[in-house]
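Novice: Predicted structure and sequence below. I'll ask about it afterward.
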Number of protein chains: 2
Amino acid sequence: MATGRTHRPATRSRGIPEATVARLPLYLRALTALSERSVPTVSSEELAAAAGVNSAKLRKDFSYLGSYGTRGVGYDVEYLVYQISRELGLTQDWPVVIVGIGNLGAALANYGGFASRGFRVAALIDADPAMAGRQVAGIAVQHSDELEKIISDNGVSIGVITTPPGVAQQVCDRLVAAGVTSILNFAPTVLSVPDGVDVRKVDLSIELQILAFHEQRKAGEETAGEDAVAASVPKETPKGPDGDVPVVMPA
Amino acid sequence: MATGRTHRPATRSRGIPEATVARLPLYLRALTALSERSVPTVSSEELAAAAGVNSAKLRKDFSYLGSYGTRGVGYDVEYLVYQISRELGLTQDWPVVIVGIGNLGAALANYGGFASRGFRVAALIDADPAMAGRQVAGIAVQHSDELEKIISDNGVSIGVITTPPGVAQQVCDRLVAAGVTSILNFAPTVLSVPDGVDVRKVDLSIELQILAFHEQRKAGEETAGEDAVAASVPKETPKGPDGDVPVVMPA
């Protein structure tokens, strides 16, 4: 079979734009909530509002999945949950290691949202010998001397780094050398990785910055009587503003 | 892409679109890194790459700030840092309370990225009497009976909820009743708030879902020899996805 893409539409899984990929988890989360309430179908408008996305953008996104819904009925909730989970690769088991078991590492180990999405915490790793053997979230912490063996034994491809910033690059290098190809970095530092390795960096302060912007605006509205510019702010409140809301920095 | 508000105009008070507001912290972070290396100017292409945003989008975003750069020279780094900080309201002090001092609350209390952005942890609050008085990140934890007094005494308008999900709504209600108008919710539950209150909800598993998508794609490429369609997939790692990288769910 050397005929290229003739049998597949251009919107096949690997042709999904990055921005659409980033929205799939939002749809999935909203759909899971509907599924838990046994809602059978959902309109694009309802789902868009629940996911906080513009409904035209949602329909475009779903067209990449080959999912067009039924006019007057909407989308089948269960089928969409299945389609998006499959597209994201969540129908398989992803063993994950967390390196650096301080407060944040422990919080992530205890985070219920991982397991429910197919992410199994395969191991917790810490450089402190005093931590080795200690139980966190029901898992015994292992010493970082074992890192390479743990990665190899568990077939781990995703590593979460919650170490202090000063050692994050070294931990990252060891993870990559041992075969990890995706890194979720919580350490406040920029990591260098070779081509073919994905890094996503979480900055927990970015959300607060966006809230601060709105707080500042609200403070401005309170003094609207004294401020003609603030007073001209439209008061209507449309649903689902179409905004990018990144917490993550590129590697 | 999703935002934390369902009742905000898509165009901001000063004419800045919601999506642009969400990108300002990304630019600020990249600019701060340049500033720390004493880089005086930066081109839109360089800055866009560092922030993981399309450069045309960056130029459009900066035009809302009235910042157009100088052809052949680029943008003045220090001035842009100042402009964006001012726009986001980061040039003022934002006292923040964190409610629920488990691992995640403690991790956030210790998180250096807050203080450097003008967010001062004014108080740590927990419902467990055994926690009261305990020092976390150099701050004595206070009992939740004091919540209303703490909010009022410190003029707090931003609350961070890191409680178990079962009590998050109740905590949210008390924060709002006490005068908090912005909530950053880490609890895995959906909060209801009155109009005029902003909620942003962090889902830490969303990033892992996006990594899983890429892992799945990489696994597909490894079998490219057997699959001409997979072999036609471009090999470059998606560096700097164009803007939309959400960790946040709508409230």
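Specialist: Now that the structure is in, tell me what you want to look at.

Novice: Now do residue A:219 against chain B, distance only.
Specialist: Taken as Cβ to the nearest Cβ, to the nearest Å, the spacing of residue A:219 relative to chain B amounts to 8 Å. (Each C-beta comes from the backbone N, C-alpha and C, glycine too.)

Novice: Tell me how far residue A:15 lies from residue A:87.
Specialist: Between residue A:15 and residue A:87 the distance is 12 Å, computed by Cβ to Cβ, to the nearest Å.

Novice: ok, those two, which is more surrounded?
Specialist: Set residue A:15 next to residue A:87 and count neighbours by other Cβ atoms under 10 Å in any protein chain shown: residue A:87 wins out with 21 against 13.

Novice: So what's the model's average confidence on the helix or strand hosting the more buried one?
Specialist: Residue A:87 belongs to helix A:77-88 when assigned by DSSP states H and E. The average of the pLDDT scores along helix A:77-88 is 90.

Novice: Can you mark which positions in that helix are buried?
Specialist: Using 16 or more other Cβ atoms under 10 Å in any protein chain shown as the burial criterion, the residues of helix A:77-88 that qualify are A:77, A:80, A:81, A:83, A:84, A:85, A:87, A:88.

Novice: ditto for stretch A:172-192
Specialist: Buried residues in stretch A:172-192, counting neighbours by 16+ other Cβ under 10 Å, are found at A:172, A:174-176, A:178, A:180-188, A:190-191.

Novice: wait, which of these is closest to residue B:159?
Specialist: Residue B:159 has its nearest neighbour among the buried residues of stretch A:172-192 in residue A:186, at 22.0 Å by Cβ to Cβ.

Novice: ok, so what distance separates that closest one from residue A:169?
Specialist: With distances defined as Cβ to Cβ, the gap from residue A:186 to residue A:169 amounts to 14 Å.

Novice: And residue A:44, by the same measure?
Specialist: When distances are taken as Cβ to Cβ, residue A:44 and residue A:169 turn out to be 44 Å apart.

Novice: Please apply the same query to residue A:120.
Specialist: Counting by Cβ to Cβ, the separation of residue A:120 from residue A:169 is 26 Å.

Novice: Compare these two (neighbour count), which wins?
Specialist: Taking other Cβ under 10 Å, residue A:120 and residue A:169 do not tie; residue A:169 has more neighbours (18 against 12).

Novice: now the helix or strand encompassing the more buried one, how far from the chain's geometric center?
Specialist: Taking DSSP H and E as the criterion, the element that holds residue A:169 is helix A:165-177. In terms of Cα atoms, centre = their mean, to the nearest Å, the gap separating the centre of helix A:165-177 from the centre of its chain is 21 Å.

Novice: after that helix, next one along is what?
Specialist: Counting by DSSP H and E, the next helix or strand C-terminal to helix A:165-177 is strand A:182-185.

Novice: the helices in the stretch 1-150 of chain A, which residues?
Specialist: Remark: helices of the stretch 1-150 of chain A, listed N- to C-terminal, are A:18-36, A:44-51, A:55-64, A:77-88, A:103-109, A:112-115, A:147-154; assignment by DSSP state H, counting those that start in this stretch.

Novice: okay, those helices in CSV with distance to residue B:129 next?
Specialist: Conversion of these to CSV gives the following (distance: least, Cβ to Cβ, whole Å):
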stretch, distance to residue B:129
helix A:18-36, 34
helix A:44-51, 38
helix A:55-64, 47
helix A:77-88, 42
helix A:103-109, 21
helix A:112-115, 26
helix A:147-154, 39
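
Novice: Make JSON lines from those helices and add distance to chain B to it.
Specialist: What follows is the helices of the stretch 1-150 of chain A, written out as JSON lines (distance: least, Cβ to the nearest Cβ, whole Å):
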{"stretch": "helix A:18-36", "distance to chain B": "4"}
{"stretch": "helix A:44-51", "distance to chain B": "6"}
{"stretch": "helix A:55-64", "distance to chain B": "8"}
{"stretch": "helix A:77-88", "distance to chain B": "5"}
{"stretch": "helix A:103-109", "distance to chain B": "4"}
{"stretch": "helix A:112-115", "distance to chain B": "4"}
{"stretch": "helix A:147-154", "distance to chain B": "14"}
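
Novice: So which bits of the lengthiest strand in chain A are buried?
Specialist: Looking only at chain A and at elements set by DSSP state E, the strand with the highest residue count is strand A:119-126. When burial is assessed from 16+ other Cβ under 10 Å, strand A:119-126 yields the following buried residues: A:119, A:121, A:122, A:123, A:124, A:125, A:126.

Novice: what's the angle from it to helix A:165-177?
Specialist: On the basis of axes from the mean of the first three to the mean of the last three Cα atoms, to 10 degrees, strand A:119-126 is oriented at 120 degrees to helix A:165-177.

Novice: hmm, back to that, which one of the helices of the stretch 1-150 of chain A is the most hemmed in?
Specialist: Comparing these by mean neighbour count (mean count of other Cβ atoms under 10 Å in any protein chain shown), helix A:103-109 ranks first with a mean of 24.

Novice: ok, back up a step: nearest to residue B:101, out of the helices of the stretch 1-150 of chain A?
Specialist: Of all those, helix A:103-109 sits nearest to residue B:101, with 9.8 Å by Cβ to Cβ.

Novice: Distance from the closest one to the middle of the chain?
Specialist: Going by Cα atoms, centre = their mean, where helix A:103-109 is centred and where its chain is centred differ by 17 Å.

Novice: Then stretch A:198-216?
Specialist: The chain centroid and the centroid of stretch A:198-216 are separated by 14 Å, computed with Cα atoms, centre = their mean.

Novice: what do you get for stretch A:129-145?
Specialist: When distances are taken as Cα atoms, centre = their mean, stretch A:129-145 is centred 26 Å away from the chain's centroid.

Novice: For it, buried residues please.
Specialist: Buried residues in stretch A:129-145, counted by 16+ other Cβ under 10 Å: A:131, A:132, A:136, A:137, A:141, A:142, A:143, A:144.

Novice: Which of the residues you listed scores worst on pLDDT?
Specialist: Where pLDDT dips furthest among the buried residues of stretch A:129-145: residue A:137, at 92.

Novice: Now for the closest residue to that residue other than its chain neighbours: which residues touch it?
Specialist: If the residues on either side of it in the chain are set aside, residue A:137 comes closest to residue A:109, at 3.9 Å by Cβ to Cβ, 6 or more residues apart in numbering or on different chains. Residue A:109 is in contact with A:98, A:101, A:121, A:124, A:136, A:137, A:139, counting by Cβ atoms under 8 Å, 6 or more residues apart in numbering or on different chains.

Novice: Quick one, which of the helices of the stretch 1-150 of chain A gets closest to residue B:159.
Specialist: If you check each of the helices of the stretch 1-150 of chain A against residue B:159 by Cβ to Cβ, helix A:103-109 wins as the nearest, at 18.2 Å.

Novice: what are the C-alpha coordinates of the closest one, in PDB please?
Specialist: Output in PDB follows, covering the C-alpha atoms of helix A:103-109 (Å, rounded to 0.1, in the frame of the first residue of the first chain):
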ATOM      1  CA  ASN A 103       3.800  19.300  47.400                       C
ATOM      2  CA  LEU A 104       3.000  19.700  43.800                       C
ATOM      3  CA  GLY A 105       4.200  16.200  42.800                       C
ATOM      4  CA  ALA A 106       2.100  14.800  45.600                       C
ATOM      5  CA  ALA A 107      -0.900  16.900  44.600                       C
ATOM      6  CA  LEU A 108      -0.600  15.600  41.000                       C
ATOM      7  CA  ALA A 109      -0.200  12.000  42.300                       C
END
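
Novice: Compute the first-to-last residue distance for stretch A:187-197.
Specialist: Between the start and the finish of stretch A:187-197 there is a gap of 17 Å, counting by Cα to Cα, to the nearest Å.

Novice: ok, and does that stretch reach over to chain B?
Specialist: Yes - for stretch A:187-197 and chain B, the contact criterion (Cβ under 8 Å from any Cβ of the partner chain) is met by A:188, A:190, A:195, A:196, A:197.
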